[in-house]
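Participant: Could you work out the structure for the sequence below:
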Amino acid sequence: MDPKLSQIEAILFAAGEPVAKSKLATFLKLKEKELRSFLKELSDFYESQKSGLAIVQTKKQVQLVSAPKQGRLIADFLKKELHEPLSPSALEVLSIIAYRGPITHSGIEEIRGANSSFILRNLSIKGLIERKENPLDSRSYVYEVSLDFIKALGLGEVGELPDFEKLSQEEKSETERQEKKEL
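Facilitator: Next up is the predicted model:
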C-alpha cells in the first residue's frame, strides 16, 4: 500500500468524523487531483476486499465509515451499546464536559491525556452531549451536555451539579493564572 494511502486511512480513522478534503490535502501536501485519486484507490480497495469499511464523500468532505452491507449489524450493536452502562472513561469525559463545557475536543484530551474521539461519538449517540460549532474558531467544535443529560439527572440546569460553583470558580481562577503567566 502506498504510504500516502495508509496516511489518509489513518487520519480518517483517527478523526472518526468527516474531514475537509482541503485540510487533508494541505496537511499531506497533496494536490486536489492527487487526493481524489488516492480516495478512489482506497475506496476501490475496500470494495475489492469486501471490507467492513468504506469511504463516503461529498465535494468538500470525506469520512471513513462502516460498509453499508454491515449496516444492520452495526445498528444492532449500537442499539445494545446505547443501553449499556457508561464505562469509567466515558463517565470521565462526560464529567469534564459537564463541569468545563463548552469545551473543545483538544481541551478534553489535554485534561485526560488520552484520545477521546470514540467516547465523544458514543456519548453523542446516546444523546448525552451535543457538538456545536466553536464560536471562537469555526474550524472546530465545542461539546456541552444535552438537555437529555440534565433531565436524566433530574436537574433543572447544569449549574445544579454537585460542587458546580466551586469547580467552575477553580477553573476560572486557573485560566486567569495561566493567562497572566503567558503575559
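Participant: which intervals of the chain have sub-threshold pLDDT?
Facilitator: 1, 78-83, 168-183 (pLDDT under 70).
Participant: could you redo the last one with a cut-off of 50?
Facilitator: Along the chain, segments meeting pLDDT under 50 span 179, 182.
Participant: residue nearest the centroid of it?
Facilitator: Ser117 (4.1 Å; CA atoms, centre = their mean).
Participant: distance of Ile103 from Asn122?
Facilitator: Separation of Ile103 from Asn122 (CB to CB, to the nearest Å) stands at 17 Å. The C-beta positions use only the backbone N, C-alpha and C, and glycine is treated the same way.
Participant: related to what we said a few turns ago, contact partners for the residue nearest to the centre of the chain?
Facilitator: Going by CB atoms under 8 Å, 6 or more residues apart in numbering, Ser117 touches 14-17, 105.
Participant: With Gly101 instead?
Facilitator: Applying CB under 8 Å, 6+ apart, we find Gly101 in contact with 142-145, 158.
Participant: do the same with Leu5
Facilitator: Contacts of Leu5 (CB under 8 Å, 6+ apart): 38, 41-42, 45.
Participant: Quick one: name whatever helix or strand follows the host helix or strand of it.
Facilitator: Using DSSP states H and E, Leu5 maps to helix 3-15. Towards the C-terminus, the helix or strand next in line after helix 3-15, according to DSSP H and E, is strand 19-20.
Participant: From Gly107, how far out is Ser140?
Facilitator: Counting by CB to CB - Ser140 and Gly107 are separated by 10 Å.
Participant: the more surrounded of the two?
Facilitator: More neighbours surround Gly107 than the other of Ser140 and Gly107, with 18 against 12 (other CB atoms under 10 Å).
Participant: circling back: from the contacts of Ser117, which single one is nearest Glu32?
Facilitator: Each of the contacts of Ser117 was scored against Glu32 by CB to CB, and Ala15 proved nearest at 18.8 Å.
Participant: how about the strands in this protein?
Facilitator: Secondary structure of the chain (DSSP state E): strands at 19-20, 53-57, 61-66, 103-104, 129-133, 141-145.
Participant: I'd like these as CSV, with distance to Arg112 appended.
Facilitator: Below are these laid out as CSV (distance: least, CB to CB, whole Å):
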stretch, distance to Arg112
strand 19-20, 22
strand 53-57, 27
strand 61-66, 23
strand 103-104, 11
strand 129-133, 15
strand 141-145, 13
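Participant: related to what we said a few turns ago, so which of the contacts of Leu5 is the most crowded?
Facilitator: Leu42 (23 neighbours).
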